[in-house]
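In: Give me the fold of what follows.
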Amino acid sequence: MKEVKPNMDIRDRKTQEFIVLKHLKTYGTITNIEAYEMHGITRLSNVIHAMRKKGIEIETEKQEAINRYGYKTSYAVYKLKDKENE
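Out: Residues are numbered from 1 along each chain as shown. Okay, the predicted model is just below:
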């Protein structure tokens with residue numbers, strides 16, 4: 001567990017929801033791998049669920065790829081809902 005420095009104000013820490021929202025606004029999409037590698041978030045679907053419960057509209061697009069063992073696999077790509085094209 002990461003140690004919090006004594007002079008660090010608790011309000012300076014960003015929530016995972018804040019980090020994911022900022023990522024979506026900056027890059028447009030996020031996947032589990034990006035969430036883990038860039039932000040250390042291991043349960044992205046849980047963060048997305050919590051954001052949706054708060055009213056943030058996020059779309060899920062399923063993608064397919066071949067994994068390192070040669071098997072077909074699927075994964076989720078999340079993006080903010082485009083309100084202009086409704």
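
In: Where is the longest helix in the protein?
Out: helix 16-27 (DSSP state H).

In: Point out the other helices and strands that the helix or strand immediately after that one in the chain packs with.
Out: Later in the chain than helix 16-27, the nearest helix or strand by DSSP states H and E is strand 29-30. The contact analysis (3 or more Cβ pairs under 8 Å, 6 or more residues apart in numbering; DSSP states H and E) places strand 29-30 against helix 16-27, strand 72-80. C-betas here are computed from N, CA, C, even on glycine.

In: quick revisit: any idea of the angle the longest helix of the chain forms with strand 72-80?
Out: 90 degrees (axes from the mean of the first three to the mean of the last three Cα atoms, to 10 degrees).

In: ok now helix 16-27, how far from the chain's centre?
Out: For helix 16-27, the gap between its own C-alpha mean and the chain's C-alpha mean amounts to 7 Å (Cα atoms, centre = their mean, to the nearest Å).

In: Same check on stretch 14-23?
Out: Its chain's C-alpha centre lies 8 Å from the corresponding centre of stretch 14-23 when counted by Cα atoms, centre = their mean.

In: Could I get the buried residue list for that stretch?
Out: Buried residues in stretch 14-23, counting neighbours by 16 or more other Cβ atoms under 10 Å, are found at 16, 19, 20, 21, 23.

In: residues touching the third one, list them.
Out: In other words, residue 20. Neighbour list for residue 20: 30, 35, 39, 41, 44, 47, 48, 51 [criterion: Cβ atoms under 8 Å, 6 or more residues apart in numbering].

In: How much space separates it from residue 35?
Out: Taken as Cβ to Cβ, to the nearest Å, the spacing of residue 20 relative to residue 35 amounts to 7 Å.

In: Find residues that contact each of these two.
Out: Counting by Cβ under 8 Å, 6+ apart, the residues touching both residue 20 and residue 35 are 41, 44, 47.

In: which of those has the most neighbours?
Out: For the shared contacts of residue 20 and residue 35, neighbours were counted by other Cβ atoms under 10 Å; the highest total belongs to residue 47, with 23 neighbours.
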